[in-house]
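Participant: how would this look folded up:
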Amino acid sequence: MSSTLAKKSVDLQAADNIRILSAAMVEKANSGHPGGPMGGADFIHILYSDYLNYDPNDMSWPHRDRFFLDPGHMSPMLYSALALQNHYSMEDLANFRQWGSCTPGHPEVDVARGVENTSGPLGQGHVMAVGAAIAERFLVQRFGEWMAHKTYTYISDGGIQEEISQGAGRIAGFLGLSNLIMFYDSNDLQLSSATSEVTNEDTAKKYEAWGWRVVTIDGHDHSALRKAMDDAVAETEKPTLIIGKTIMGKGAVTESGDSFEARFETHGQPLTGAGASLNKTIENLGGKAENHFTIFPEVQEHYAKQLDKKRAHAASKKQEGEQWAAANPELAAKLERFLSGQVPDIDYSAITQKENIASRAASSAMLAHFAEHVDNMIVSSADLSNSDKTDGFLKKTTAFKKGDFSGAFLQAGVAEFTMAAIANGMALHGGVIPVVATFFVFSDYMKPAVRLSALMELPVKFVWTHDAFRVGEDGPTHQPVEQEAQIRLMEKIKNHSGDMSLLALRPADAVETTVAWKMALENTKVPTALILSRQGIKDIPANGASRYDDALAAEKGAYAVKSSDNPDVILVGNGSEVSTLLEATALLEAQKRLKVRVVSAISDGLFRQQDQAYQDALIPSDVPVFGLTAGLPETLRPIVGYRGEVFGLDHFGYSAPAKVLDEKFGFTGQQVFEKVVAFLSK
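Facilitator: Numbering: from 1, shown residues only. You can find the predicted model right below:
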């Protein structure tokens, strides 16, 4: 051990150890970001050593504190901190960013190793923390403060600048999430410039205006860090923002020993590539140049003691939970159900729907039912509850307010992206079923969070209404055309478990909407998108004992709503186009004496998961197939096939009443009849 190291406190040794490991990881991979991790090492050590409560022997303990990293490029800092706690080996760190390693370039959720969220796209990580903090308050309100825990998060200059931070800051402050503590690594440098070249805002005043408690400290002063953390943990009224003024590349030096700190060049490349010396930097930080991947003995001993304390704390909290459960057996059974991710048994066949209603209205009836039967569902709307019809749920509960989470509705305001990322955080926390809603055209604002939801395999329910040009007079800005094609691409992408990464459902009538919600609630593996109409849709006649029994076949992704043996033509659609196809079918049968099969394809991705015999029986390859979609023709092309024909839109919409647009765009029963006849005559 060098004499320099011997003089250091164990806290500084630990922080420098994290700096060394972070720089070494990036250097060996010849890829990554060393500067930020070296600057944030002091906070991350203090957090993990002294404040973050979890059970090292039971990493998924539901009442643990959470830590959400926002700047995913600072993964070396997280992996190094977790390595000091024996969750990663030195070999794991040495394989940073390599094929098959457990240390990817940006963290991917791995609770067993202590990684609570997938992060990388700046801004989303800390918003997930807001969602987790809301979920914690929701559960504590119902089961007691004995299970309370903190949510910590770490943000950088880039995350502060991302627009999503405004929604998160506003909502967390408005709700008074005192269980949320955020460290802002303010080093005044970005990837390509100084922050002063892009902003001069007063971040502290901004967060104070949103209702946060803000303190600014030297981010390398361990005493100041502990004081700030102590005060944040004790805070009961507001979320806390700790602005830590740090130095990018803390401890970095050149070959000649000159300081190479506070250089933006160290942000996104190895130290040697930036102009510093890795070996000299390691020596400057108390390590040995010939052994980059090592944990100092004093640091190892310190963390062994801290981990024992964490085990003891967790054991005490678990005992407290057992005593509570013994005194409250019914509540304990409910909590166990919540945390298991199981959904309650619901008799969907008993749910009645009004006739010929919009699928958004049918969804409202479902949500009203869930409000009384799914008591861990949290619904949120982006200031559209009376239009996306989540008010069916809201009318039977109350919205969250500061200090009162007895209701189950989050008024997100006009913040679609923030709302979606919050839902991801709720799902990551566990114990709740998040549902978020807005107009389908605004799914464009949400795509980054939807993508992370799919990547993390989170069962969030996305409700998107006003699903087509039939939005009408609102015009092309509000009429989705290409959105369904974009969302259905997610059905084509497999997640890391090999499953379809998202389930997209566009029901054809009210009863099929009931079944779609059944599918959504029972889907606990991946996110679900429910794509719903603004306008009323004619009910599909029953073929069997009941329309509900018929619609259950939607669970196969596609099924015949009008059957015909040896059909002359098969018509395929989903959503409101199915009723239009049925209108055209009546004309084809009456005027052309054709045998027609009509297929409702609620989810092409799910249909493709069925056995080939079912697919071939429903849509035989030797029968002409015609598809109708209110979106891009490519939406139905996979199910219709390239020998068939799809009629859809290849242009934006226009402002006019929905029925006028149907006529102008060719979506009446008569017009579709004529298109099918023309198709068959080719």
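Participant: tell me the SS of the closest residue to M147 other than its chain neighbours?
Facilitator: Once flanking residues are discounted, M147 sits nearest to H63: 4.8 Å by CB to CB, 6 or more residues apart in numbering. Using the backbone N, CA and C atoms, a C-beta is placed for each residue, glycine as well. What DSSP: H, G, I helix; E, B strand; the rest coil gives for H63 is coil.
Participant: who's in contact with H63?
Facilitator: 147, 149, 317, 321 (CB atoms under 8 Å, 6 or more residues apart in numbering).
Participant: check A485 too.
Facilitator: Contact analysis of A485 by CB under 8 Å, 6+ apart lists 631-632, 634-635.
Participant: if you set the cut-off to 10 Å instead, what comes out?
Facilitator: Counting by CB atoms under 10 Å, 6 or more residues apart in numbering, A485 touches 629, 631-637, 648.
Participant: same check, this time on L628
Facilitator: Counting by CB under 10 Å, 6+ apart, L628 has contacts 571-578, 580-581, 584, 636, 640, 645-648, 666-667, 672, 675-676.
Participant: test my guess that W517 contacts I351.
Facilitator: Yes. At 9.0 Å, W517 counts as touching I351 under the criterion of CB atoms under 10 Å.
Participant: the more surrounded of the two?
Facilitator: A direct count of neighbours by other CB atoms under 10 Å for W517 and I351 places W517 higher, at 27 against 18.
Participant: and the residue lying closest to the more buried one once chain neighbours are set aside, how many neighbours does it have?
Facilitator: What sits nearest to W517 in space, not counting adjacent residues and going by CB to CB, 6+ apart, is M366, at 4.3 Å. Neighbourhood size, M366 [other CB under 10 Å]: 26.
Participant: begin at 231 from here
Facilitator: Yep, numbering from 231; the last one is M596 now.
Participant: I'd guess M596 is in a helix, am I close?
Facilitator: Yes. Assessed by three-state DSSP, M596 belongs to a helix.
Participant: next SSE downstream of the lowest-mean-pLDDT helix or strand in the chain?
Facilitator: Lowest on mean pLDDT, DSSP states H and E among the helices and strands of the chain sits helix 233-237, with a mean of 54. Of the helices and strands lying after helix 233-237 in sequence (DSSP states H and E), the nearest is helix 240-259.
Participant: and that next one, how far out from the chain middle?
Facilitator: 31 Å (CA atoms, centre = their mean, to the nearest Å).
Participant: run the angle between the helix or strand following it and helix 240-259 for me.
Facilitator: Using DSSP H and E, the helix or strand that follows helix 240-259 in sequence is helix 265-276. Taking axes from the mean of the first three to the mean of the last three CA atoms, to 10 degrees, one finds helix 265-276 and helix 240-259 inclined to each other by 140 degrees.
Participant: buried stuff in helix 265-276?
Facilitator: Using 16 or more other CB atoms under 10 Å as the test for burial, helix 265-276 gives 265-276.
Participant: now the spatially closest residue to G871 that is not a sequence neighbour: phi and psi?
Facilitator: Nearest residue to G871, sequence neighbours excluded (CB to CB, 6+ apart): V855, at 6.1 Å. As for V855, its main-chain torsions (degrees, to the nearest 10) stand at phi -130, psi 130.
Participant: any idea how far V855 lies from T810?
Facilitator: Distance of V855 to T810, computed by CB to CB, to the nearest Å: 16 Å.
Participant: low-confidence ranges in this structure?
Facilitator: The model of the chain has pLDDT under 70 over residues 231-236.
Participant: who are the neighbours in contact with T815?
Facilitator: By CB under 10 Å, 6+ apart, the neighbours of T815 are 791-792, 794, 799, 801, 824-828, 899, 902-903, 906.
Participant: show the buried residues in those residues.
Facilitator: Burial by neighbour count, judged by 16+ other CB under 10 Å, picks out 791-792, 794, 799, 801, 824, 826-828, 899, 902-903, 906 from the contacts of T815.
Participant: got TSV for the residues you listed, with secondary structure and distance to L688 too?
Facilitator: Output for the buried ones among the contacts of T815, formatted as TSV (DSSP: H, G, I helix; E, B strand; the rest coil; distance: CB to CB, whole Å):
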residue	secondary structure	distance to L688
V791	strand	32
K792	strand	37
S794	coil	41
V799	strand	41
L801	strand	36
L824	coil	46
V826	strand	41
R827	strand	37
V828	strand	35
G899	helix	40
V902	helix	38
F903	helix	43
V906	helix	41
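Participant: who are the contact partners of the closest residue to F273 other than its chain neighbours?
Facilitator: Nearest residue to F273, sequence neighbours excluded (CB to CB, 6+ apart): F413, at 5.2 Å. Counting by CB under 10 Å, 6+ apart, F413 makes contact with 270, 273-274, 276-277, 297, 300, 356, 382-386, 447, 449, 455, 458-459, 462, 470-474, 476.
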